[in-house]
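> quick check, what structure comes out for this input:
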Amino acid sequence: MEPLAYFYIGLAAFLVGFTKTSVGGVGILAVLLMALAIPGPESPGVILPMLIAADIIAVVYYRRACQWGILLRLIPPSIVGVALAWWFLANISGIDFSKLIGWVILAMLVLDILLTDAFRNAAKGRVATGIIGSFAGAASMIANAAGPIFGIYLLQMGLGKAEFVGTRSWFFLIVNLIKLPFAIGLGITTTQSLTLNLYYLPLILVGAFLGKRLLSYINLTLFKALIRATVLLAAARLITG
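Numbers count the residues shown, from 1 in each chain. Here you go, the predicted structure:
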């Protein structure tokens, strides 16, 4: 890989750790950086073990803040979404995967911006929960990009910061562990990619530590605006090649 690619991976590893113990939104930027560093279907498979490592750290930090009632409603449809996305990935051919990731992330960004108010009254319903869970599972399997839609759902539950991060951390740890055998079966997570992950583990740890320390100081409105602008530019870069 080019030297710049290693820098992108390192920054992605740091952001993965940061977003898992802090507010959401940075995770998509990490996915985009990884896609720029490693174009093709291998990109989600390389970042997946990093996400799992960061999820474990976040769960340790916020293990008592999880709302299990929410998770028990979301996990079953999420598994369905993961399975459908795996079938899709196993049967497609000749597709520009970098552009696919860009479009999926762009769609999640649009949902993040436009649907918050629309979900306010419907988010607790069974139909909405099933749809959100399925979309989150599919978007996570294809591009590790379920953060926005899942974040929208949790925000409408009226959770505090600690409960928000704790519930999100447990959800993605479970979903990412479910995804891992599928990723190995597709050949996008390999022993070689796991070795690469080990080199960047210290950056994940640093990011997680800083995310936990800075959570209470972050201006959410400004932070989300900056992340959305950055994600838009990076997604456009992937889509246009």
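> so Lys12 makes contact with Gly27?
If you look again at residue 12, you'll see it is Ala, not Lys. No. Assessed by CB atoms under 8 Å, Ala12 is found out of contact with Gly27, at 9.5 Å. In short, each C-beta sits where N, CA and C put it, glycine included.
> the two: which has the busier surroundings?
The residue with more neighbours, out of Ala12 and Gly27, is Ala12; 30 against 27, by other CB atoms under 10 Å.
> quick check: phi and psi at Ser140.
Backbone torsions of Ser140, given as degrees, to the nearest 10, read phi -70, psi -40.
> got the CA coordinates for stretch 50-68 in CSV?
The C-alpha coordinates for stretch 50-68 follow below in CSV (Å, rounded to 0.1, in the frame of the first residue of the first chain):
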residue,chain,number,x,y,z
MET,A,50,-11.1,-3.0,14.9
LEU,A,51,-14.7,-2.2,15.6
ILE,A,52,-15.1,-5.3,17.7
ALA,A,53,-12.0,-4.4,19.8
ALA,A,54,-13.4,-0.9,20.3
ASP,A,55,-16.8,-2.3,21.2
ILE,A,56,-15.3,-4.5,23.9
ILE,A,57,-13.5,-1.4,25.4
ALA,A,58,-16.8,0.6,25.3
VAL,A,59,-18.8,-2.2,26.9
VAL,A,60,-16.2,-2.3,29.7
TYR,A,61,-16.6,1.4,30.3
TYR,A,62,-20.4,1.5,30.0
ARG,A,63,-21.4,-2.0,31.0
ARG,A,64,-24.0,-0.9,33.5
ALA,A,65,-25.6,1.8,31.3
CYS,A,66,-27.2,-0.5,28.7
GLN,A,67,-31.0,-0.5,28.1
TRP,A,68,-31.6,-4.2,27.5
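> quick one: buried residues of the top helix by length along the chain?
Criterion DSSP state H: the longest helix present in the chain is helix 161-186. For helix 161-186, the neighbour count (16 or more other CB atoms under 10 Å) marks 163-176, 178-180, 182-183, 186 as buried.
> repeat that for stretch 212-222.
In stretch 212-222, counting by 16+ other CB under 10 Å, buried: Lys212, Leu215.
> quick one: distance of it to the chain centre.
Chain-centre distance of stretch 212-222: 19 Å, with CA atoms, centre = their mean, to the nearest Å.
> same deal with stretch 160-177?
Distance, centroid of stretch 160-177 to centroid of chain: 11 Å (CA atoms, centre = their mean).
> give the rounded mean pLDDT of it.
Averaged across stretch 160-177, pLDDT comes to 88.
> quick one on the thing from earlier: now for the longest helix of the chain, which elements pack on it?
helix 3-21, helix 42-61, helix 68-91, helix 126-143, helix 147-156 (3 or more CB pairs under 8 Å, 6 or more residues apart in numbering; DSSP states H and E).
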